[in-house]
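> Sharing a model that was predicted from the sequence below.
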Amino acid sequence: MASRYSGEEILDNDSEFYSFLRKMRQNQKNIRQYGTQILHNPNTVQRMVLSKDSYIWSVGDHFYNLAAKYYGDPTYWWVIAWYNGYPTEADISPGAIIDVPINLEEALKALGL
């Protein structure tokens, strides 16, 4: 499975805003970066048809551990975070119930990827 940046446009950014960074990098003329990816929040129908497990958050839990368990790849931690609307693990209280999409491909599709 590809990363979340697969197929994204790579931009050459020569904006004045980054001039300090280019100077630190031995006067580079531009900075190559990925274009901003637009993710969507799944709608009600997408959430209803998506296979998912409910998971009770505990002290010491991490998104990357759940991603490794469910997807075999901890780098997809952001899918679980985005799906549940939690930007970081610090935003989740112990005892909170989160949904973990089971099928990674379906989850990525629901997120607009």
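Everything's here; your move.
> Which element, helix or strand, includes Leu21?
Element membership of Leu21 [criterion: DSSP states H and E] is helix 19-24.
> what's next to that helix, contact-wise?
With contact meaning Cβ atoms under 8 Å, 6 or more residues apart in numbering, helix 19-24 is reached by 28-31. In short, each C-beta sits where N, CA and C put it, glycine included.
> Which stretches in this structure count as strands?
In the chain, the segments counted as strands under DSSP state E are 10-13, 31-34, 52-56, 97-101.
> Could you work out which of the ones you listed reaches nearest to Gln46?
strand 97-101 (10.0 Å; Cβ to Cβ).
> can you list the domains in the chain?
What the record gives for the chain is the domain set 1-37, 44-110, from automatic domain parsing.
> Single out the most deeply packed of those.
Each of the domains of the chain was scored by mean neighbour count; the highest is domain 44-110, a mean of 15, by mean count of other Cβ atoms under 10 Å.
> quick check: mean pLDDT across that one?
Throughout domain 44-110, pLDDT has a mean value of 93.
> end-to-end on it?
Using Cα to Cα, to the nearest Å, one end of domain 44-110 lies 10 Å from the other.
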